[in-house]
Every structure is written in structure tokens, then in C-alpha cells.
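1. show me the folded form of this:
(chains A and B)
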Amino acid sequence: MKPSGPIDTFQPIADRPAPVQTVGPVAWMRENLFSGIGNSLVTLGIIAFLVYYIPPILDWAFFSANWSGTTEDACVKDGACWVFINAWSYQFFYGTYPLEEVWRINLMLVLLLIVIAMSFTLPKHYRMKASIAAWLALPLVGMAILYGGWGGLEVVSTDLWGGFTLNVFMAAASIIVAFPFSFLWALGRRSQMPFIRSVSVIFIEFFRGVPVLSLFFMGSVMLPLFFAEGTNVDKLIRVWLVLIFFMSGYMAEVFRGGFAAVPSGQYEAADSVGLSYWQKILLIILPQVIKISMPNILATFVMLFKNTTFLLIIGIPEVVQTLQTALANSYWLGGHALEGYLFVFLVFWASCFGMSVLSRRIERTLNTDKRD
Amino acid sequence: MAKKALFTATTLATALVASATTVQAATLDDVKARGTLTCGVSTGLAGFSEKDANGNWSGLDVDVCRAVAAAVLGGADKVQYKPLTAKERFTALASGEIDMLSRNTTWTHTRDTSLGINFAGTNYYDGASFMIMKDLGVSSATELDGANACIQAGTSTELAIADYFRENGMSYKAVTFDTSDQTRQGFESGRCDFLTSDGSQLAALRIGLANPGNAIILPEVISKEPLGPVVRQGDDQWFNIVKWSLNAMIEAEEQGVTSMNAGDMMKNGNPANKRLLGAEGELGANLGLDAEWAYRIVTQVGNYAESFERNVGMGSPLKLERGLNASWRDGGILYAPAMR
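-> Model prediction:
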């Protein structure tokens, strides 16, 4: 029996609150920045820090900065004196290289870019041979173009080379020359012959174990004393040699890692088809080693490139040394160190970032077997 | 400490090699054959050897190089500058990489006697001194008892100031910094009452202050730092040329010969002027140079006073007083041996 009473009618229940928003910026902030008391406090702290520090920095670097002019007197506002960078920009990039000859430096930079581009744009068929030849010829061609003294080119003594382009050339020239040497050292270290093996080990461990600064001191201060009287090896050449030795020690270890990573089946397969030792190494093993080692090779190159700023310790006018010389000029004594070092920082950061983008690109090109 | 050990090692090595090979080929012939003088300078020191934005070198030390080039090669611009650090300067000289060194180098007994080098004179008498803010109300270093001192670590000034305060029975508290830039900032922000460094360096630091007018440099000079050009031992002719090129600049100031009036003085001056400028006498021939060597120095580089004013004196941002570096006739100690 049905209970008597009013007939059931539709009774709406009270509205429930809308669900917590799960998309959109507000939700993202709630989830990631204000999910608890601790998180909220940290977020607020960071925001306060940024609000407090960012506007003065922006103001210093842009709004109150001095942009135009040629002398220190043009820096009247409180902000950064970018006039300093502007006035010294030629020195920072090219050193004291004569203005009318500066096309030679620019030509070298273009050649360097062409050779880099060649390495992965040429048809596969002759890419390897052509680009290896181009790479090995580059330091010699570069030296000839920059130094001059042939075909009507005026001699530009190495004392006049300097600035950021010197950092680039020193790094490029030493890594290119070090490349084949380091390959030989790595082979030597894996060799069965005790003499070659121990010489290689000693060389590699010496140049890896000694700080690059003390090597530079050796090159600049000690080395000249060992030469015969009257033989003057140019200071730049001496530190170039030091950089090559240093670099080949490091790269040898990079290559050794590459050799170890090639499966032993590859060696055995090469042996079984009757290839000679050098055929085996150059045709079968080396291409795989380079592919495996590519990330490390580029990392080592970036390291060497940054290490070239240590050359300031022996008075080579690379970019940081040029900056310090500029800071000591009696017409620019107003304290522009901050602007100068920020500039060097940006230039190096941009170059190194560019190189790491390039290296990822190269790795993708080389990644033939494990394409994902 | 490591720095010191390294320096000692380098010094020893330099001394060893230098003593083994004291007999050199004639530097004069080498320089003439090359057509340029290679001169070791600093990597940048305001007023002494500095580079401008166009890459041209100038300064009091650079002018000594220019004077030698003018005397030997006939042109003050025929100089190849080699920027050297403090550590490698003597090696560069010993190995023949440079013909002469003009790089704010203090003339000390040890260096002169043990490194196989010769100091060819003094072109700037420097010494540690004090800079204070005006509102400290101090006019002499003897009133600085108990003060805080901003000092750059690892400099010879550190020793000089310790000696000076002990000698005068005073005390101070050292606040040390790594670079001269940081030292200046420490001084400016009031971390210390006075800043101490070499006089020439103080002048450069003072320009970098927000208000250079607020700072004064006290008159006391508490250490001896005679700076001068250096040559290798064993080539007396070259030693003489560098020594007398510097002396010619000093002598020209004493005689009142300037780059402006040198031509006139050569014709119409007194016998001493004529001897200096080569119209009479054998001074040039005795050095192995032509008669007009000093005339070229004075016209192309200027006498010492002109060089001083242009580079570090009132004509420059440094605005250094002549002080000790005035000619002996004006109360300084700059004195060239007799030019006859």
C-alpha cells in the first residue's frame, strides 16, 4: 500500500559549486605556484625579488643608458655607458688589425663558415673527402691570408692580431690541427706495441693532467729560454702549439671512448674480409668513431673556445685582454668594467649557444642507424 | 704564495740563461736591419703605456720607445709594441724577443744584478702614497692612526704601508681587495678611511670615482719606486743609446729646448743647445748615430716636460703633479748627466 501524502513533485536540489577549473592560466598557477602554503610563500618571495631587481636592471641597461657618442663625455646619464662598447668595438672584434686590411679577417670568417657548411650539405658521395681536405687546408690558408707577405698582400705582424676573431681563429686552428694528432694518440694508446702505448699514455696524461694556465706560462715564459740564441718563435705560434698539444690530449680520450664503443664484431668482420690495419681503421672504424664521439668532440671544442680567454694571462690581445687594455685607457677610466664584461659574456654566450644548436643538427644528420 | 714561487722560478731560469749568454749580437745593427724597434710595454696602464680605440699606443713609457726609434731609425713611429705581462717581461728581454723594455719597471738592486739586465735610467719616480676623502679632515699621513686601509692584495704597497705605520708607532686595519677596481669601489663605499697604492695608480683610480673632486692625495710618499727603461746586459752600445735617448729628453727640458723651438735653437742657440741638437760636437758619433739624433727626439717626441704634461700631467686626464719628477732646477730630482 502506498503511503498517502502529497504527490511526488520535482524537487530541485541546491546548485553545487562549479568544478575547480582545471585548464587555463589561473588553474596552472594554482596547481604549480600556489599548491600549498610553502609553495605560495616561495612564489611570492620570488615575485617580490623580481619586482625589486628587474626594473633597476632594465633601467640601467636600456632606459637610462647612454647609446650615442664617441667619447666618455657622452656618458652623462646614470645608466650603462654603451658608448664605451661602441667606441672600442673594432678593437674588441679585430684587435689592432689595420682597417684597410680587415677584409682578410672577414674573408677568413666566411671561409670558416663555408667549410662548416660543406661538411653537411655536400652530396654524401664525396662529402667526406672534400670536407676533410678543406678542413685540413683551412689553418694554412688562414695563416697565409691573415699574415700576408705574398701576391701583393701586405704583411700584418701577429702582434696586431687580436680581439674576438683571434679567439675564434686560435680555437679553430688548434682543434683542426689537433684532430688528426689526437686520433693517432688514441690509436697509440690502444696499440699492442709497448713503446708506442707508453709514449701515448705519457703524452695524453701529461697534457690532460696539467692546467692549461700553467701550459700557457710554459709556452710564453719558459719555452723561449730553450730555443737557441737568435731564434725567435712568435709568441702566438708558441701558444698555438700549446693549445694544439692540450687539445690533442683531450680529444685523444674522446676518441678512445669512441673506439671502445665500436662493437668488436666490427673489427673482426673487417679482419675476416682481409682488410689491412689502416684500411680497417680508416674505412670501417673511424667513421663510426666520429659518429659516436660527435657530441663529445663539440663539447671539447666549446671548452677550448672558452679557454682561449685564458690567453690574457700571458698578454695575448684576445677579447678579454683587449677589454682590460680599454679599461686602462686614461680617457675611459670612469669604471666601465660591468658593461665590458657583460658584452664579452653576451658574445661568448651567443657563439657557444650557436655551436650547440649546430652540434645537435650534426648529430641528427649523423644518426643513421638509430633514427627515431 | 704560488704566484711568488712561480715568479722566483721564472727569475731563476731567466738568470741562468742570461748568465750563460751575456754576449749578444749588436742590437743596433739588428734594429737598423729590421727597420723597426721592438719595445716591450705593459698591457695597459693609464698614462704610461695605453692603447686608444684606434690601436695607437701612447704614454710616458711609450715615449721612451718612440725617442729611441727617433734617434736610431729616424722616425718615432717605427716601433713595434709588444704588450707584456709583469711575469714575462724579463724573459722577453733575455730571449731577444724585444730590443728594450719600457714597462713601468721598478729599478731594484736584485733585478739589476741578478737578471742579466741593465736599467738605463729613471723616467718616473713613483712611490706608495695615500688617497683620502676630503671630509675626513686629514692633511698628513701621520694623522691616520687607527684608520682602515683599502689595499690591493699581493702588491709591494702592502709591505710599504706595514713598515711605515710600524715605524711611526701607529696602527691601521687592512681591508684587502683583489683588483684595483674593487679597491676603488671599497674606498668609495666607505669601507675604509684611506686607499693606498703607487702615486701614479692613485691618480688613475681617482678619476674613476663618482666625484673625483672629493678625494685628495696626501703629500707623503712612503716607498721608492723608480721606474725606467731596461736593456739586456752585454751590449754597451745599445745600453748607451737608450740611456742617452732618455737623458736627451731630460736635458732638453733643462735647456728649454722644446719640439716647437728646436729648429731655431739648433741654428741660434747657445753652445750647449747646439751640442745637444747636433750642430756642434761629436755626441751622435760617439753613440754610433748621426749628429741629429737628439734633434729628432725633441722634434718628434718632445722634451721630458712635454711628454709628461701630454701623458700624465695637466694636459691629460690623470693631472699628476711634477713633484719629484720635476727637473732639478725646479726642485725635483730629475737630473741628466752633463751632455758634453
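
2. got any ranges where the stretch 1-150 of chain A has weak pLDDT?
-> A:1-6, A:21 (pLDDT under 70).

3. can you pull the residues of it lying near chain B?
-> A:87-88, A:90-91, A:95-96 (CB under 8 Å from any CB of the partner chain). C-beta here means a position set from N, CA and C on the backbone, and glycine is covered the same way.

4. and for residue 38, the neighbour number?
-> The chain I'm using is chain A. The number of residues packed near A:Gly38 is 8, by other CB atoms under 10 Å in any protein chain shown.

5. meant chain B, my bad for not saying
-> 21.

6. and the residues of the stretch 1-150 of chain A next to chain B, which is closest to chain B?
-> Chain B lies nearest to A:Thr96 out of these, by CB to the nearest CB, at 3.5 Å.

7. how about the closest residue to the closest one other than its chain neighbours, what does it touch?
-> Leaving aside its chain neighbours, A:Thr96 sits nearest to B:Gly55 (3.5 Å; criterion: CB to CB, 6 or more residues apart in numbering or on different chains). B:Gly55 makes contact with A:91, A:95-96, A:160 under the criterion CB atoms under 8 Å, 6 or more residues apart in numbering or on different chains.

8. just put those residues in CSV and tack on neighbour count.
-> Listed next are the contacts of B:Gly55 as CSV, based on neighbours: other CB atoms under 10 Å in any protein chain shown:
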residue, neighbour count
A:Gln91, 24
A:Gly95, 24
A:Thr96, 23
A:Leu160, 18
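
9. pLDDT weak spots in the stretch 51-200 of chain B?
-> Applying pLDDT under 70 to the stretch 51-200 of chain B flags residues B:154-155.

10. burial check on residue 218, number of neighbours?
-> You didn't pick a chain, so chain A it is. Residues near A:Met218, counting by other CB under 10 Å, number 15.

11. wait, chain B
-> When neighbours are counted by other CB under 10 Å, B:Leu218 comes out with 20.

12. do I have it right that it meets B:Leu136?
-> No. Applying CB atoms under 8 Å, one finds B:Leu218 not in contact with B:Leu136, separated by 10.3 Å.

13. okay, and the common contacts of those two?
-> B:Phe194.

14. quick one on the thing from earlier: and the residues of the stretch 1-150 of chain A next to chain B, which of them are in helices?
-> A:87-88, A:90-91 (DSSP state H).

15. nearest to chain A: which residue in the stretch 201-340 of chain B?
-> Nearest residue of the stretch 201-340 of chain B to chain A (CB to the nearest CB) works out as B:Ile207 at 4.2 Å.

16. and the strands in the stretch 51-200 of chain B?
-> Remark: strands assigned in the stretch 51-200 of chain B by DSSP state E, counting those that start in this stretch are B:57-58, B:79-83, B:100-101, B:117-119, B:124-126, B:128-133, B:147-152, B:172-177, B:194-198.

17. in JSON lines: those strands, plus distance to chain A.
-> Formatted as JSON lines, those follow (distance: least, CB to the nearest CB, whole Å):
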{"stretch": "strand B:57-58", "distance to chain A": "9"}
{"stretch": "strand B:79-83", "distance to chain A": "5"}
{"stretch": "strand B:100-101", "distance to chain A": "13"}
{"stretch": "strand B:117-119", "distance to chain A": "14"}
{"stretch": "strand B:124-126", "distance to chain A": "15"}
{"stretch": "strand B:128-133", "distance to chain A": "14"}
{"stretch": "strand B:147-152", "distance to chain A": "14"}
{"stretch": "strand B:172-177", "distance to chain A": "13"}
{"stretch": "strand B:194-198", "distance to chain A": "14"}
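
18. quick one: which of those is nearest A:Val168?
-> A:Val168 lies closest to strand B:79-83 among these, at 20.2 Å (CB to CB).

19. which residues does that closest one contact?
-> A:157, A:159, A:235, A:315, A:317, A:321, A:325, B:36-44, B:49, B:57, B:62, B:65-66, B:69, B:92, B:97-98.
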